[in-house]
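Participant: Pasted the sequence and its predicted model underneath.
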Amino acid sequence: MTASAARLVVVRPDDWHVHLRDGPMLGAVAAATARAFARAIVMPNLRPPVTTTAAATAYRERILAALPSGTAFEPLMTLYLTDQTTGAEIAAARASGIVQAIKYYPAGATTHSDAGVTALANVYPALAAMEKHGVVLSLHGEVTDPDVDIFDREQTFIERHLAHIVRDFPELRVVLEHVTTADGVAFVRDAPANVAATITPQHLKYSRNALFAGGLRPHYYCLPVLKRETHRRALVAAAISGSAKFFLGTDSAPHAKHVKESYLCGAGCYTAPFALELYAEVFEDAGALDRLEGFASFHGAAFYGLPRNRDTLTLERSAWTVPLQYPVNGDAVVPLRAGETMRWRILEA
């Protein structure tokens, strides 16, 4: 990494958790991720979900076809874990060379998660196969019990489920995706080296107060939901710590404007066009710009056993305004920070 007062050059980063959707939305958002990131772990919660290697292969082809000609970008595919996922499917995923992880959604936890896991015991055979074949378990770490407060879902999931998974499958690589609490940070920090976490820009930048600043702000609503300021500070401390257990995962999750601005607001923040710039703001505010490259470019690749990227990109200190919306097939997606000023931008080659 090289840095000056006005520019920061880093090895090109990867996004270890992103939603690219499908159809017209895929065509509208894929290039935004590929602009900044060389690779991305692509979430499988489509309709229908991506539950087989064959479906992941077809989805990967659609992603590549949606990109501008000549774009250098590698989608890293995932399968959607269900109560019926077999060891044979896990083995096939590993053998394919394109599937890097299996995504565990507790049924009903977030967007398109109704086909997810209904009980941890139901997927123990699949977890054993993942451990055997070296496939990463990607976790949406929340319980969905109606008696658990939404702000306590992550902590409860760790106590009821994650602790048991780590104990019972000591060689299984596990990523607690979009960690949001000091409890989650502490668990990952103190767990063995095969347990890691991704952190999103919105959870680093904002507490739950942002949801209600001047009124209810639907474009700040995501799942897991933004938490207290004390948790946000714990996330920042983890991100800038230099620990290889924590790395970049935007969880960029676009919804059409009418879905976000409705009586049943879709969960997800769209950050792909400027996610790296958001992270740069967080690291700069914490006095840790020198550690952004490790968090964004090195730690995730090491955890997944993949080589570091060889090319670089340059972030330039330059004020610009986030568009109010991005077009999608006659509709639009409203990003996080719409109409607001950013301090950094990627310097185009």
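Facilitator: Ah, there it is.
Participant: how about the strands in the stretch 1-150 of the chain?
Facilitator: Taking DSSP state E, counting those that start in this stretch, the strands of the stretch 1-150 of the chain run over residues 2-3, 7-11, 15-18, 39-42, 74-80, 99-104, 136-139.
Participant: just those: most buried one?
Facilitator: Highest mean neighbour count among the strands of the stretch 1-150 of the chain (mean count of other Cβ atoms under 10 Å): strand 15-18, with a mean of 28. Backbone N, C-alpha and C define where each C-beta goes, glycine included.
Participant: give the contact list for the nearest residue to L8 once chain neighbours are set aside.
Facilitator: Using Cβ to Cβ, 6 or more residues apart in numbering and skipping residues adjacent in sequence, the residue nearest L8 is L315, 4.4 Å away. For L315, the contacting residues are 7-10, 276-277, 280, 344-347, by Cβ atoms under 8 Å, 6 or more residues apart in numbering.
Participant: quick one on the thing from earlier: wait, which of the strands of the stretch 1-150 of the chain is closest to N209?
Facilitator: strand 15-18 (24.1 Å; Cβ to Cβ).
Participant: Using PDB, write out every CA atom in the closest one.
Facilitator: The C-alpha trace of strand 15-18 is given here as PDB (Å, rounded to 0.1, in the frame of the first residue of the first chain):
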ATOM      1  CA  ASP A  15     -16.100  -8.400  -1.600                       C
ATOM      2  CA  TRP A  16     -16.700 -11.500   0.600                       C
ATOM      3  CA  HIS A  17     -20.500 -11.000   0.800                       C
ATOM      4  CA  VAL A  18     -22.700  -9.500  -1.900                       C
END
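Participant: Off-centre distance for it?
Facilitator: 4 Å (Cα atoms, centre = their mean, to the nearest Å).
Participant: contact partners of that strand?
Facilitator: Contacts of strand 15-18 (Cβ under 8 Å, 6+ apart): 33, 36-37, 39-43, 138, 175, 177-178, 198, 200, 247-252, 272, 275, 300, 304.
Participant: you'd agree A296 is up against P13?
Facilitator: Yes: taking Cβ atoms under 8 Å as the definition, A296 is a contact partner of P13 at 3.7 Å.
Participant: which residues are in contact with both of these two?
Facilitator: With Cβ under 8 Å, 6+ apart, A296 and P13 have common neighbours 248, 276.
Participant: In terms of mean pLDDT, which of the strands of the stretch 1-150 of the chain ranks lowest?
Facilitator: Note on the strands of the stretch 1-150 of the chain: strand 2-3 shows the lowest mean pLDDT, a mean of 70.
Participant: The longest strand anywhere in the chain: which residues count as buried?
Facilitator: In the chain, taking DSSP state E as the definition, the longest strand is strand 312-321. Going by neighbour count (16 or more other Cβ atoms under 10 Å), the buried part of strand 312-321 is 313, 315-316.
Participant: so where is this structure shaky, pLDDT-wise?
Facilitator: Residue ranges of the chain with pLDDT under 70: 3-4, 112, 349.
Participant: the helices in it, which residues?
Facilitator: 23-36, 53-66, 87-96, 124-133, 153-157, 163-168, 182-190, 201-205, 229-239, 257-260, 275-285, 292-293, 299-304 (DSSP state H).
Participant: For the first one, buried residues please.
Facilitator: Pointing back at helix 23-36 there. 25-30, 32-36.
Participant: Could you give the separation of that helix from the chain centroid?
Facilitator: 15 Å.
Participant: re the thing from before, relative to Y105, which of the contacts of L315 is nearest.
Facilitator: Distances from Y105 to those, taken as Cβ to Cβ, are shortest for L276 (26.3 Å).
Participant: Quick check: the residue lying closest to the closest one once chain neighbours are set aside vs W16, distance?
Facilitator: Closest residue to L276 apart from its sequence neighbours, by Cβ to Cβ, 6+ apart: A36 at 4.8 Å. From A36 across to W16, the span is 13 Å (Cβ to Cβ, to the nearest Å).
Participant: Any chance of the buried residues of strand 312-321 in JSON lines with distance to P170 as columns?
Facilitator: Formatted as JSON lines, the buried residues of strand 312-321 follow (distance: Cβ to Cβ, whole Å):
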{"residue": "L313", "distance to P170": "37"}
{"residue": "L315", "distance to P170": "39"}
{"residue": "E316", "distance to P170": "45"}
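Participant: these two touch, right, L313 and R35?
Facilitator: No: shown here, L313 and R35 do not form a contact pair, counting by Cβ under 8 Å, at 9.2 Å.
Participant: Cheers, nothing more for now.
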